[in-house]
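Asks: prediction below, plus the sequence it came from.
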Amino acid sequence: MAASFVESAQSIGSDFTIHNLPLGVGLVDAKPKVLTRIGDEVLNLCACSEHGLLNGSVLSSEIGRKAIESTSLNALGGLGPTAWTELRQTVTRLVSAHEGVLRDDVKLREEVLLKAKEVSMLRPMNIGDYTDFYASKEHASNVGTMFGRDPPLNQNWINIPIGYHGRASSVVVSGTPVRRPRGLVMPKGTTEPVYSKCNVLDYELEMGFFVGQGNDLGCPISCDDARKHIMGMVLVNDWSARDIQKFEYVPLGPFTAKNFATSVSPWVVTLDALEPFSEEAEEQTLAQVSSYLSHSSGRKRTSYCIDLEVSLSTSAHPEVETVTTKSNFRHLYWTIDQMLAHHTVTGCNAMTGDLIATGTITGSREDPMSYGSLLEKSWGGTKTFKLSTGEERKYLLDGDKVTMRGRCEKDGVRIGFGVCEGTVLPCKEEQ
């Protein structure tokens, strides 16, 4: 099994083993740099390029060097999967326990390897567009049942991946506080809406993927080709103002109830890293799947086995986390291939840096611990649940901190996504 000379990458429970090597952007000497993570350290890929360590045919070229020296992952994403795989293979060799280039050169190592805790991470890509899907059958069924629909799933849901266009400007990196929003709400028992702070603030456990190479306008991406266009995946918290959403969402869907903040984890885990955890996706039996949402003959739909977890801590007990959700990426009914194929079926041109999220990932409808939102956990606010501190919740209060984690483990190999976290700030006082 592969090992790294970076000791912390060998630690039991490390998300950032040599099998992972995710990509991100962080401040080094107050300047954004393209980085990768290994254990408790980050490797400055820009510095590696300057020292001639990235000597593959793509990354040693002028366009490759410029991509690595960029201030976001967009240029690297635009180079496509050949470049991403070349970078991964090169970095794997550089941090390997059997390679002496960095291991045996203290001065060089000090120039390119930094302590992760000393680097402020940024949003990994410049996001031009953000789309959020609704791909969990269990979540959609719970919501449909809660709102009195029979059957709980609409006809369109069982035929196509449902989604909406979100707000790219308010996508923030993990650790950014989230301020409670205001909006029009319809208090129970009233007939007129009132302008109020949100009193029903929720999290949604999601994952997302970044588009690497886009497609030309008018040229759809097939399910077979989708993953050639996906650079990697992150954790996503789709913060939701449920009382604002309830009043505004008919007939065009969510708007201001979602556009105030979406949190993403800083490290983009590549599909190469996720491949060992690929597995056949759940069979789709609700309706006949359209040809454009299907793979060619002989190819199976696949997903990834990614364990997901949400924990909540409060301002009264900030050091105590209560796990509120345990789910898995494999529970999604629609795959990332189908999401991208549907997004582009009309000829829509996906662009490098576009973020596409999955929607809330709920596990079994019979297991409330697997519910990916507090809307489900409190069943529309009709039930409270206890935290390990003895405090009770239906929805999020000011000072609550939501932390999401994701990890894969199989045959002794482990990779993870780090954390996606945010703390709720009080509603901004009106001027």
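Replies: That came through, no problem. Quantities reported herein were computed from a predicted structural model and do not represent experimental measurements.
Asks: give me the number of residues near the nearest residue to Val6 once chain neighbours are set aside?
Replies: In space, and not counting its chain neighbours, Val6 is closest to Gly39: 4.5 Å by CB to CB, 6 or more residues apart in numbering. In short, each C-beta sits where N, CA and C put it, glycine included. Neighbourhood size, Gly39 [other CB atoms under 10 Å]: 21.
Asks: quick one: Gly39 and His19, what's the gap?
Replies: 12 Å (CB to CB, to the nearest Å).
Asks: same question for Gly214.
Replies: For Gly214, the distance to His19 - CB to CB - is 28 Å.
Asks: circling back to that earlier point, got the contact list for the residue nearest to Val6?
Replies: Remark: with contacts taken as CB atoms under 8 Å, 6 or more residues apart in numbering, Gly39 is in contact with Ser4, Val6, Glu7, Ser8, Ala9, Gln10, Ser11, Ser14, Phe16, Thr17.
Asks: so the first one makes contact with Ser96?
Replies: Translated: Ser4. Yes. With contact defined as CB atoms under 8 Å, Ser4 counts as touching Ser96 (6.3 Å).
Asks: residues touching His139, list them.
Replies: Gly359, Thr360, Ile361, Thr362, Tyr371, Gly372, Ser373, Glu376.
Asks: adding pLDDT, secondary structure and distance to Pro187, write these out as a markdown table.
Replies: Output for those, formatted as a markdown table (pLDDT from 0 to 100; DSSP: H, G, I helix; E, B strand; the rest coil; distance: CB to CB, whole Å):
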| residue | pLDDT | secondary structure | distance to Pro187 |
| --- | --- | --- | --- |
| Gly359 | 98 | coil | 28 |
| Thr360 | 98 | coil | 25 |
| Ile361 | 98 | coil | 31 |
| Thr362 | 98 | coil | 28 |
| Tyr371 | 98 | coil | 25 |
| Gly372 | 98 | coil | 27 |
| Ser373 | 98 | strand | 22 |
| Glu376 | 98 | helix | 22 |
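Asks: nearest to Gly56 among those?
Replies: Ile361 (35.5 Å; CB to CB).
Asks: returning to what we had before: now the contacts of Gly39 as CSV including neighbour count and secondary structure?
Replies: Shown next, in CSV, are the contacts of Gly39 (neighbours: other CB atoms under 10 Å; DSSP: H, G, I helix; E, B strand; the rest coil):
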residue, neighbour count, secondary structure
Ser4, 25, strand
Val6, 24, coil
Glu7, 11, helix
Ser8, 15, helix
Ala9, 23, helix
Gln10, 14, helix
Ser11, 13, coil
Ser14, 21, coil
Phe16, 28, coil
Thr17, 25, coil
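Asks: for Ser240, what are phi and psi?
Replies: phi -140, psi 130 (degrees, to the nearest 10).
Asks: ok, the one 5 residues further on next?
Replies: As for Gln245, its main-chain torsions (degrees, to the nearest 10) stand at phi -60, psi -40.
Asks: how close does the residue nearest to it when sequence neighbours are not counted sit to Glu62?
Replies: Computed as CB to CB, 6+ apart, the closest residue to Gln245 that is not its neighbour in sequence is Ala257, at 3.3 Å. From Ala257 across to Glu62, the span is 46 Å (CB to CB).
Asks: looking at the two, which one has more neighbours?
Replies: Ala257 (24 against 7).
Asks: so the more buried one touches Ser240, yeah?
Replies: Yes. If you go by CB under 8 Å, Ala257 and Ser240 touch, sitting 6.1 Å apart.
Asks: how close does the nearest residue to Ile127 once chain neighbours are set aside sit to Phe260?
Replies: Spatial nearest neighbour of Ile127, chain neighbours left out: Ala168 (4.4 Å); criterion: CB to CB, 6+ apart. From Ala168 over to Phe260 the distance is 13 Å, taken as CB to CB.
Asks: between the two, which has more neighbouring residues?
Replies: A count of neighbours by other CB under 10 Å puts Phe260 above the other of Ala168 and Phe260, at 20 against 17.
Asks: OK, contacts around the nearest residue to that one once chain neighbours are set aside?
Replies: Closest residue to Phe260 apart from its sequence neighbours, by CB to CB, 6+ apart: Pro181 at 4.3 Å. By CB under 8 Å, 6+ apart, Pro181 lies in contact with Lys197, Cys198, Ala241, Ile244, Thr256, Phe260, Cys427.
Asks: now tabulate the residues you listed in JSON lines and tack on secondary structure.
Replies: As requested, the contacts of Pro181 are exported to JSON lines (DSSP: H, G, I helix; E, B strand; the rest coil):
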{"residue": "Lys197", "secondary structure": "strand"}
{"residue": "Cys198", "secondary structure": "coil"}
{"residue": "Ala241", "secondary structure": "strand"}
{"residue": "Ile244", "secondary structure": "helix"}
{"residue": "Thr256", "secondary structure": "coil"}
{"residue": "Phe260", "secondary structure": "coil"}
{"residue": "Cys427", "secondary structure": "coil"}
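Asks: alright, calling it a day.
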